[in-house]
Each structure stands twice: as C-alpha cells, then as structure tokens.
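J.: Curious how this folds, go ahead:
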Amino acid sequence: MPRIAYYYLGLTGFFALFLLIMAWPTLLSPDHSMPTALILLIGAGPLLLPFRGLLDRNLKSCTWMSYLSLPYFAHGVAETYANPVWLYPALESLFSLMLCFGAGLYVYKAEKTH
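T.: Residues are numbered from 1 along each chain as shown. So this is what the prediction gives:
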C-alpha cells in the first residue's frame with residue numbers, strides 16, 4: 001500500500017473516533033451522573049493535542065497520535081466486555097485501531113524510505 005493510504009486510514013480513524021467520543025455522552029447514551037462537559041474534556045481533550053501536527057503530516061505528531069490512541073482501545077475493550085450495549089465501545093476500539101495502525105504505519109513507511 002502506498003504511504004499516503006496509511007495516512008488517510010489514520011485520519012479517518014481520528015475523525016471517526018473524535019466524533020464518536022463527542023456523540024456518545026451527548027447524543028447516543030447520555031449519562032446524567034457526571035457533567036457532560038467534564039466527560040467531553042477528559043474524553044476528547046487529549047485527542048486535540050497532536051491534532052494540528054497530524055493534519056500537517058508531522059511525523060512526531062503522527063507517532064504521538066498513534067501512542068495516544070491506545071488508551072482509547074483499552075477503554076473500548078473494557079467497556080465492550082462490561083457494558084450490555086456493546087456497539088459504541090466496539091466502534092471505539094475499531095476506530096482507535098485504525099488511528100493507531102494508520103498513523104504508525106505512515107511513520108514507519110516514512111522512516112523506511114529515508
């Protein structure tokens with residue numbers, strides 16, 4: 001596969017994960033025991049830190065985005081196991097893996113060509 005395809009896989013995984021993290025506590029399954037703003041800040045805030053570099057195809061930012069997607073994968077797997085409504089956490093796991101492998105393989109292919 002060409003290197004740019006991995007970048008677009010990671011970018012698709014990022015936007016899908018970000019939209020899911022934003023929609024899950026607000027539209028899909030609101031939880032009224034915690035403030036929604038706090039859930040969004042904790043859930044979506046870390047994804048925004050290397051976002052600018054990901055859009056600029058910065059290799060360091062892509063590497064950090066790949067690392068950053070792993071706690072979302074762990075959360076998705078744990079919630080899929082524990083939650084009777086398993087669709088949203090399973091999608092979280094899938095999208096975080098798309099982000100991890102897309103960004104990681106984009107960096108790997110870039111380092112291999114140099």
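
J.: Just the buried positions in stretch 15-26, please.
T.: Neighbour counts over stretch 15-26 (16 or more other C-beta atoms under 10 Å) mark 16-18, 20-21, 24-25 as buried. For the C-beta atoms, the positions are set from N, CA and C on the backbone; glycine is no exception.

J.: secondary structure element for the spatially closest residue to Phe101 that is not a sequence neighbour?
T.: Counting by C-beta to C-beta, 6 or more residues apart in numbering, Leu9 is the residue found nearest to Phe101 once chain neighbours are left out, at 7.0 Å. Using DSSP states H and E, Leu9 sits in helix 3-23.

J.: what residues does that helix touch?
T.: Residues from elsewhere that reach helix 3-23 (C-beta atoms under 8 Å, 6 or more residues apart in numbering): 40, 43-44, 47, 51, 54, 57, 62, 65-66, 69, 72, 88, 91-92, 95-106, 109-110, 113.

J.: This completes my enquiry, with thanks.
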